[in-house]
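Asks: could you work out the structure for the sequence below:
(3 chains)
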Amino acid sequence: MPELPEVETIKRDLQEIILGKKITEVCVYNPAVIREPSPDVFKKSLKGLVVKNILRRGKLLILELSNGLSLTIHLKMTGQLVYPGGSKNSRVAFHLSGGKILDFNDQRLFGELRLVDDWRKIKFIRGLGPEPFDLTYADFRDMLSKKKTKIKPLLMDQSFISGIGNLYASEILFRAKIDPRRPAQSLTKAEKGVLYKETREVLSSAIVHGGSSIDDYVRLSGEPGGYVKFHRVYGRQGKLCFVCKGLIKKIAQGGRGTYFCPKCQR
DNA sequence: AATGGGACCTGCGCGC
DNA sequence: TGCGCGCAGGTCCCAT
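Replies: Coordinates of the predicted model:
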């Protein structure tokens, strides 16, 4: 968390609210989250710039600014953007034209803010695989056929496909009825087709509902996203499967929790 | 190429 | 009650 649907939701919220606004002041309360340039230069350079465009690539938010620079924001696990803000716990406060504040909160300080000349050149962006919604079925099928990796960690691999994290990987595989431990290349053509379809459906439905408010994720307004009620397996270990009434199981894969129904997912 | 582990962090829930 | 421990996961990095 947050993954593609949450970041996309925040992107759309930001487009409604802060597009065209000017950054009048930046207050840095914890410099650890500013990865480049130095916090001092970051703060001074942003002052007076207007937000011209707001994009998302994978789980990265990109704010294109009036002088050609871009502010990139990675929320990692506990990052939040809240408007109107002004919380005492914020790490960075962006004062905007109109007098209100956009807060960047981040309890665990994993989040990353960067001010860069060209966001396309940053290492993280260069390493990203295709966006799920830009990927054709033919390409997806071919990509899977080349991989021996287990399917669940593969879906979370940002160089393979961008934007899917631990929560949605589990949810997508449940709906596709595929065991998360299966080697990717062992999937049948039919399974690949279902996986492709469910990847798009789960992600787009999650976006429609404003993302999943698990842990710290909130929308720009501070309100929760509404997709949690559609979760079928994530965080449900030991509970009954909604489809077969069997028990949902939790296993570790690559140091991360994987949730699945051993009966429904083969 | 694939896989596993640790590092970065901090609040929370658990067991004792 | 209070304490210490492990866990949560996005990404990078190193080792095998």
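
Asks: how close does residue A:74 sit to DNA strand C?
Replies: Relative to DNA strand C, residue A:74 is positioned 6 Å away (criterion: Cβ to the nearest atom of the strand, to the nearest Å). For the C-beta atoms, the positions are set from N, CA and C on the backbone; glycine is no exception.

Asks: nope, residue A:134 is what I meant
Replies: Look at residue A:134 and DNA strand C: by Cβ to the nearest atom of the strand, they are 17 Å apart.

Asks: also residue A:194?
Replies: When distances are taken as Cβ to the nearest atom of the strand, residue A:194 and DNA strand C turn out to be 23 Å apart.

Asks: just the buried residues of whichever strand or helix holds residue A:16, please?
Replies: Take DSSP states H and E as the rule and residue A:16 turns out to sit in helix A:4-17. Taking 16 or more other Cβ atoms under 10 Å as the neighbour-count basis, helix A:4-17 is seen to contain the buried residues A:4-14, A:17.

Asks: so who does the residue of the stretch 151-266 of chain A found nearest DNA strand C touch?
Replies: When Cβ to the nearest atom of the strand is the measure, the stretch 151-266 of chain A has its nearest residue to DNA strand C at residue A:165, with 2.9 Å between them. Taking Cβ atoms under 8 Å, 6 or more residues apart in numbering, we find residue A:165 in contact with A:1-4, A:59, A:156.

Asks: burial check on residue A:168, number of neighbours?
Replies: 26 (other Cβ atoms under 10 Å).

Asks: what do you get for the one 3 residues further on?
Replies: Each residue near residue A:171 was counted by other Cβ under 10 Å, and the total is 26.

Asks: turn the contacts of residue A:165 into a markdown table, columns for pLDDT and distance to DNA strand B.
Replies: Output for these, formatted as a markdown table (pLDDT from 0 to 100; distance: Cβ to the nearest atom of the strand, whole Å):
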| residue | pLDDT | distance to DNA strand B |
| --- | --- | --- |
| A:1 | 75 | 13 |
| A:2 | 92 | 15 |
| A:3 | 93 | 17 |
| A:4 | 95 | 20 |
| A:59 | 95 | 15 |
| A:156 | 94 | 12 |
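
Asks: now, among those, which is nearest to DNA strand C?
Replies: Of the contacts of residue A:165, the one sitting nearest to DNA strand C (Cβ to the nearest atom of the strand) turns out to be residue A:59, at 3.9 Å.

Asks: what about the closest one, neighbour count?
Replies: Counted by other Cβ under 10 Å, the residues lying close to residue A:59 total 24.

Asks: wait, it touches residue A:4, no?
Replies: Yes - look at residue A:59 against residue A:4 with Cβ atoms under 8 Å: they come within range, at 6.4 Å.

Asks: so what sits against both of the two?
Replies: The contact lists of residue A:59 and residue A:4 share A:162-163, A:165, where a contact means Cβ under 8 Å, 6+ apart.
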